[in-house]
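J.: 3D, please:
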Amino acid sequence: MKKIIPVLALSGLLLVGCGKDEKGFIVIKNETDSPLTNVTIHYASPKVDEVVGTINPKSSYKYPINYTYNETAIDLIYIDKNQKITTKTVVGYSAKYDKENVEVVIK
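T.: Residues are numbered from 1 along each chain as shown. Below is the predicted model of the structure:
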């Protein structure tokens, strides 16, 4: 029993420490009846695109924000059922110290 208490205490400290490095997320909810294709997250600076792919109808995708880029804005780009390319700014300003959690609902 005496050995278990220090192990539990150390485990608790490690878990508390993990919370500091939590990432922010962009949750993309596709509430349409059609898939969203070519879904891409675009970082304005340094002009980097990260491809998500397709998000099926009535489903969602949780994208972890990449904080390796310094100060930037983040856009969501996708193609809808009418083959229309849509671009939405989902984070107007993001920096390494930010931990945004953004939900984007597409209807």
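J.: tell me which element residue 50 falls in.
T.: According to DSSP states H and E, residue 50 maps onto strand 48-55.
J.: Could you give me the buried positions within that strand?
T.: Within strand 48-55, the residues that count as buried by 16 or more other Cβ atoms under 10 Å are 52, 55. Quick note: C-beta positions are derived from backbone N, CA and C, even for glycine.
J.: same deal with stretch 93-103?
T.: Those would be 94, 100, 102, for stretch 93-103 by 16+ other Cβ under 10 Å.
J.: Tell me the predicted confidence for the second one.
T.: Per-residue confidence (pLDDT) for residue 100: 87.
J.: what do you get for the one 4 residues further on?
T.: The score at residue 104 is 98. That number is its pLDDT.
J.: Let's see the helix or strand where it lies as CSV, backbone CA atoms only.
T.: Per DSSP H and E, residue 104 falls inside strand 101-106. Extracted in CSV, the C-alpha atoms of strand 101-106 (Å, rounded to 0.1, in the frame of the first residue of the first chain):
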residue,chain,number,x,y,z
ASN,A,101,-11.4,25.3,-29.9
VAL,A,102,-13.6,26.2,-32.9
GLU,A,103,-16.7,24.6,-34.2
VAL,A,104,-17.8,25.1,-37.8
VAL,A,105,-21.2,23.9,-38.8
ILE,A,106,-21.9,23.5,-42.5
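J.: Just checking: what are the partner strands of that strand?
T.: Looking at strand 101-106 with DSSP bridges, its partner strands are strand 25-30 (parallel).
J.: and the angle from the partner strand to strand 48-55?
T.: 40 degrees (axes from the mean of the first three to the mean of the last three Cα atoms, to 10 degrees).
J.: in strand 25-30, what counts as buried?
T.: Residues 25-26, 28-30 are the ones in strand 25-30 that count as buried (16+ other Cβ under 10 Å).
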